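> Have a look at this prediction, sequence included:
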Amino acid sequence: MMGGIVTLRVRDERGQIMPLVLGLSAILVMAVLVVVNASNAFLERRALVSWADGAASAAVQELAVAPLYRGEVPEVLPVSQARAHDAVSAYLARNAADSAFDGFRLDQVEVTGDGEVTVQLAATVPLVLDAGLADAVTDGVGIDASASAVAELR
């Protein structure tokens, strides 16, 4: 056996927890951003559906009265396409829907032969605290909503 001094080298472990804390903090911040943005998009879409429902209800009240004046009694009240579109536009303008949403637009007002009116709206939901995400999504996320209404004779 050799006689000598045995030296143990002790590693300095100070600061080793810092990268772990920073990494987990970044993951936590990203998770919070995802939840906040998803919740915001859900609530905005819910509001847009409400607007579409109100617009469809306004449109279905615009009857095509000519068949009724001729004495025809249909099962479903006929709705005028032109008057329905005008009613939807007036409803949205009267209630300032374009100021309630970013990128708001009326996509379609469709009246079917059975008296059903379908209104499709679209808007953009801005991202909350986008934290420098890709340029493709910094303008927001597009949302769509549609609602239908029918006026029936009873």
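Received the coordinates, thanks.

> Every contact and neighbour count from this point should use C-alpha atoms.
OK.

> ranges for the strands of the chain?
Taking DSSP state E to define them, one finds strands in the chain at 102-111, 116-125, 141-150.

> Correct me if wrong: R83 contacts V60.
No. Counting by CA atoms under 8 Å, R83 does not reach V60; the two are 9.4 Å apart.

> Show me the shaky parts of this structure.
Judged by pLDDT under 70, the chain has its weakly predicted residues at 1-3, 10, 12-15, 76, 129-138, 153-154.

> and the strands of the chain as CSV, adding mean neighbour count?
Formatted as CSV, the strands of the chain follow (neighbours: other CA atoms under 10 Å):
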stretch, mean neighbour count
strand 102-111, 18
strand 116-125, 23
strand 141-150, 19
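
> V6 is nearest to which of the ones you listed?
strand 141-150 (65.5 Å; CA to CA).

> quick one, that closest one and strand 116-125 angle?
For strand 141-150 against strand 116-125, the angle by axes from the mean of the first three to the mean of the last three CA atoms, to 10 degrees is 160 degrees.

> ok, back up a step: among the strands of the chain, which comes closest to L77?
Among the strands of the chain, the nearest to L77 by CA to CA is strand 141-150 (8.3 Å).

> what comes into contact with the closest one?
41, 45, 48-49, 52-53, 56-57, 60, 76, 115-127 (CA atoms under 8 Å, 6 or more residues apart in numbering).

> possible to save the strands of the chain as TSV with distance to R11?
Formatted as TSV, these follow (distance: least, CA to CA, whole Å):
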stretch	distance to R11
strand 102-111	57
strand 116-125	52
strand 141-150	50
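
> thinking again about what came up before, among R83 and V60, which residue is more densely surrounded?
V60 (28 against 16; other CA atoms under 10 Å).

> Wait, that one touches V119, no?
No. At 10.3 Å, V60 does not count as touching V119 under the criterion of CA under 8 Å.
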